[in-house]
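Undergrad: Next comes the sequence, and after it the predicted model I'd like to discuss.
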Amino acid sequence: MAEQEIREFLANLAVELHVSASTQIVALSALLFLYRDVLKRDLPYISEIERAKPSRRLPVVFSRAEVQAVLARLAGTNHLIASFVWRWSASDGGNSVAREGHRFLREPVDDSGREGSK
(Lines give C-alpha, C1' and ligand atoms only; values in the text may rest on other atoms or scores of the structure.)
Protein backbone atom coordinates (compact mmCIF):
# COMPACT_ATOMS: atom_id res chain seq x y z
CA MET A 1 0.00 0.00 0.00
CA ALA A 2 1.22 3.45 -0.82
CA GLU A 3 0.72 6.54 1.33
CA GLN A 4 -2.43 7.57 -0.58
CA GLU A 5 -4.00 4.11 -0.23
CA ILE A 6 -3.38 4.11 3.50
CA ARG A 7 -4.92 7.58 3.80
CA GLU A 8 -7.97 6.41 1.80
CA PHE A 9 -8.29 3.25 3.92
CA LEU A 10 -8.27 5.20 7.19
CA ALA A 11 -10.69 7.79 5.77
CA ASN A 12 -13.03 4.99 4.67
CA LEU A 13 -13.05 3.63 8.20
CA ALA A 14 -14.07 7.03 9.54
CA VAL A 15 -16.44 8.27 6.84
CA GLU A 16 -18.10 5.19 5.37
CA LEU A 17 -17.91 2.65 8.18
CA HIS A 18 -18.31 5.16 11.03
CA VAL A 19 -15.83 3.39 13.30
CA SER A 20 -14.84 4.92 16.61
CA ALA A 21 -11.73 7.06 16.93
CA SER A 22 -10.05 4.33 18.97
CA THR A 23 -10.77 1.72 16.26
CA GLN A 24 -9.19 3.97 13.64
CA ILE A 25 -6.12 4.44 15.86
CA VAL A 26 -5.84 0.67 16.30
CA ALA A 27 -5.99 0.23 12.50
CA LEU A 28 -3.23 2.81 12.02
CA SER A 29 -1.13 1.18 14.75
CA ALA A 30 -1.57 -2.22 13.09
CA LEU A 31 -0.38 -0.78 9.78
CA LEU A 32 2.62 0.80 11.47
CA PHE A 33 3.45 -2.54 13.12
CA LEU A 34 3.07 -4.38 9.81
CA TYR A 35 5.43 -2.07 7.98
CA ARG A 36 7.99 -1.57 10.76
CA ASP A 37 8.18 -5.01 12.38
CA VAL A 38 6.97 -7.49 9.76
CA LEU A 39 7.92 -5.97 6.42
CA LYS A 40 10.95 -4.14 7.87
CA ARG A 41 10.07 -1.06 5.84
CA ASP A 42 9.67 2.53 6.94
CA LEU A 43 6.20 3.91 6.54
CA PRO A 44 6.36 7.59 5.61
CA TYR A 45 4.52 10.12 7.74
CA ILE A 46 0.95 10.26 6.50
CA SER A 47 -0.54 13.70 6.74
CA GLU A 48 -4.11 14.88 6.36
CA ILE A 49 -5.77 11.70 7.62
CA GLU A 50 -9.50 12.16 8.04
CA ARG A 51 -10.11 11.31 11.67
CA ALA A 52 -13.08 9.49 13.10
CA LYS A 53 -15.18 11.67 15.34
CA PRO A 54 -14.63 11.03 19.06
CA SER A 55 -17.52 9.42 20.89
CA ARG A 56 -19.81 11.81 22.71
CA ARG A 57 -21.60 9.16 24.74
CA LEU A 58 -21.97 9.84 28.40
CA PRO A 59 -21.51 7.10 30.95
CA VAL A 60 -24.72 5.55 32.22
CA VAL A 61 -25.52 6.62 35.75
CA PHE A 62 -28.40 4.96 37.53
CA SER A 63 -30.69 6.89 39.81
CA ARG A 64 -31.04 5.68 43.40
CA ALA A 65 -34.45 4.16 42.51
CA GLU A 66 -32.97 2.28 39.52
CA VAL A 67 -30.16 0.87 41.66
CA GLN A 68 -32.66 -0.27 44.27
CA ALA A 69 -34.77 -1.93 41.56
CA VAL A 70 -31.72 -3.85 40.30
CA LEU A 71 -30.67 -4.86 43.81
CA ALA A 72 -34.22 -6.08 44.53
CA ARG A 73 -33.88 -8.59 41.67
CA LEU A 74 -30.61 -10.05 42.97
CA ALA A 75 -30.19 -12.67 45.66
CA GLY A 76 -27.44 -14.30 47.68
CA THR A 77 -23.82 -13.58 46.86
CA ASN A 78 -24.69 -11.46 43.82
CA HIS A 79 -26.88 -9.21 45.95
CA LEU A 80 -24.19 -8.91 48.61
CA ILE A 81 -21.46 -7.99 46.14
CA ALA A 82 -23.63 -5.60 44.13
CA SER A 83 -24.77 -3.89 47.32
CA PHE A 84 -21.19 -3.56 48.50
CA VAL A 85 -19.97 -2.17 45.17
CA TRP A 86 -22.83 0.31 44.93
CA ARG A 87 -22.53 1.60 48.49
CA TRP A 88 -18.76 1.87 48.62
CA SER A 89 -18.11 3.04 45.06
CA ALA A 90 -19.41 6.50 45.94
CA SER A 91 -16.39 7.00 48.19
CA ASP A 92 -13.88 6.79 45.31
CA GLY A 93 -16.03 7.80 42.36
CA GLY A 94 -16.79 4.18 41.55
CA ASN A 95 -13.35 3.29 40.30
CA SER A 96 -11.36 0.79 42.35
CA VAL A 97 -14.21 -0.73 44.33
CA ALA A 98 -16.31 -1.35 41.22
CA ARG A 99 -13.34 -2.96 39.45
CA GLU A 100 -12.66 -5.23 42.42
CA GLY A 101 -16.32 -6.21 42.67
CA HIS A 102 -16.40 -7.02 38.96
CA ARG A 103 -13.18 -9.04 39.25
CA PHE A 104 -14.58 -10.92 42.22
CA LEU A 105 -17.77 -11.80 40.34
CA ARG A 106 -15.79 -13.18 37.39
CA GLU A 107 -13.20 -15.26 39.27
CA PRO A 108 -14.01 -18.53 41.01
CA VAL A 109 -13.60 -18.46 44.76
CA ASP A 110 -11.02 -20.89 46.17
CA ASP A 111 -12.09 -21.70 49.71
CA SER A 112 -9.95 -24.84 50.00
CA GLY A 113 -7.51 -23.05 52.31
CA ARG A 114 -10.15 -21.78 54.73
CA GLU A 115 -9.76 -22.92 58.28
CA GLY A 116 -12.53 -25.15 59.52
CA SER A 117 -13.87 -25.97 56.05
CA LYS A 118 -14.26 -29.63 55.11
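TA: Right, received. Where do you want to start?
Undergrad: Find me whatever residue is spatially closest to residue 67, sequence neighbours aside.
TA: Leaving aside its sequence neighbours, residue 67 sits nearest to residue 86 (C-beta to C-beta, 6 or more residues apart in numbering; 5.6 Å). In this view, the C-beta of every residue, glycine as well, is placed from N, C-alpha and C.
Undergrad: What number of residues are in the vicinity of the one you found?
TA: Look at residue 86: counted by other C-beta atoms under 10 Å, it has 19 neighbours.
Undergrad: Please, which helix or strand holds it?
TA: Using DSSP states H and E, residue 86 sits within helix 76-89.
Undergrad: How about residue 11?
TA: Under the criterion of DSSP H and E, residue 11 resides in helix 3-15.
Undergrad: what's the distance between the most centrally placed residue in the chain and residue 52?
TA: Residue closest to the average C-alpha location in the chain (C-alpha atoms, centre = their mean): residue 22, at 10.5 Å. Taking C-beta to C-beta, to the nearest Å as the measure, residue 22 falls 8 Å from residue 52.
Undergrad: do the same with residue 17
TA: As judged by C-beta to C-beta, residue 17 and residue 52 stand 9 Å apart.
Undergrad: neighbour count winner among the two?
TA: A direct count of neighbours by other C-beta under 10 Å for residue 17 and residue 52 places residue 52 higher, at 21 against 10.
Undergrad: Surely that one touches residue 14?
TA: Yes: the criterion here is C-beta atoms under 8 Å, and residue 52 meets it with residue 14 at 4.0 Å.
Undergrad: where do the contact lists of these two overlap?
TA: Common contacts of residue 52 and residue 14 (C-beta atoms under 8 Å, 6 or more residues apart in numbering): residue 24.
Undergrad: hang on, the earlier thing: in the helix holding residue 11, what counts as buried?
TA: Residues of helix 3-15 classed as buried by neighbour count (16 or more other C-beta atoms under 10 Å): 6, 7, 10, 11, 13, 14.
Undergrad: repeat for stretch 13-32
TA: In stretch 13-32, counting by 16+ other C-beta under 10 Å, buried: 13, 14, 19, 24, 27, 28, 31.
Undergrad: that older thread, any common contacting residues for residue 22 and residue 52?
TA: Going by C-beta under 8 Å, 6+ apart, no residue sits against residue 22 while also sitting against residue 52.
Undergrad: Kind regards, and thank you for your time.
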